[in-house]
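Trainee: Give me a 3D structure for the following:
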Amino acid sequence: MTANPLKSLSDYSRFVAEILGQQNVRSSTVAVWSDSPYTSVAEGEVLFTNGLRLRMREEVDLHAGLIISYGYEVYRGEERLYWYDDFPHPNDATLASTHPHHKHVPPDIKHHRIPAPNISFVRPNLPLLIEEIEEMGKE
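Mentor: Coordinates of the predicted model:
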């Protein structure tokens with residue numbers, strides 16, 4: 001595996017397949033495809049053995065080796081527990097430290113946002129998300 005799997009479609013596809021092939025993943029519908037010579041998309045759902053489910057979409061600039069847009073939602077059954085997105089909220093000073101990355105959490109999940117210091121455009125986020133989902137399953 002190359003240092004940055006976001007630099008080529010084949011490396012990115014292999015990275016996603018390997019990380020979603022872990023024992024804690026019950027099933028996955030995540031597909032990776034290229035929609036131009038320079039961009040790629042990964043989208044689908046991942047069901048974990050602890051019963052939690054991740055819905056995800058990442059858009060990647062393969063030329064720059066960057067995630068250019070994402071959305072990650074975590075569910076227990078039909079209940080959305082939290083989500084991450086990169087929609088900027090420049091008027092919310094509490095999010096400035098990780099702008100535009102943030103996490104929506106209860107209560108009032110739509111409007112209650114907290115900084116997301118480990119989410120990034122420059123490296124894959126799936127390892128962090130999977131680790132977080134595994135920890136939640138232990139609660």
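Trainee: What are the contacting residues of stretch 121-139?
Mentor: For stretch 121-139, contacts defined as C-beta atoms under 8 Å, 6 or more residues apart in numbering pick out 4-6, 15-16, 19-20, 22, 24, 48-52, 54, 56, 58, 65-68, 70, 72, 74, 81, 84, 86, 118-119. In this view, the C-beta of every residue, glycine as well, is placed from N, C-alpha and C.
Trainee: could you redo the last one with a cut-off of 6 Å?
Mentor: When contacts are defined by C-beta atoms under 6 Å, 6 or more residues apart in numbering, stretch 121-139 is touched by residues 19, 24, 48, 50, 52, 66-67, 72, 118-119.
Trainee: count of residues packed around the closest residue in space to Pro37 that isn't next to it in sequence?
Mentor: In space, and not counting its chain neighbours, Pro37 is closest to Leu62: 8.0 Å by C-beta to C-beta, 6 or more residues apart in numbering. For Leu62, the tally of surrounding residues (other C-beta atoms under 10 Å) stands at 19.
Trainee: One more: Arg53?
Mentor: 20.
Trainee: And the residue nearest the centre of the chain, how far from Gly21?
Mentor: Centroid-nearest residue in the chain: Tyr72, 4.5 Å away (criterion: C-alpha atoms, centre = their mean). For Tyr72, the distance to Gly21 (C-beta to C-beta, to the nearest Å) stands at 19 Å.
Trainee: One more: Glu132?
Mentor: Distance from Glu132 to Gly21, by C-beta to C-beta: 19 Å.
Trainee: do Asn118 as well
Mentor: For Asn118, the distance to Gly21 - C-beta to C-beta - is 22 Å.
Trainee: More neighbours: these two, which one.
Mentor: Asn118 (16 against 9).
Trainee: That one: what's it in contact with?
Mentor: Taking C-beta under 6 Å, 6+ apart as the test, what Asn118 contacts is Leu128.
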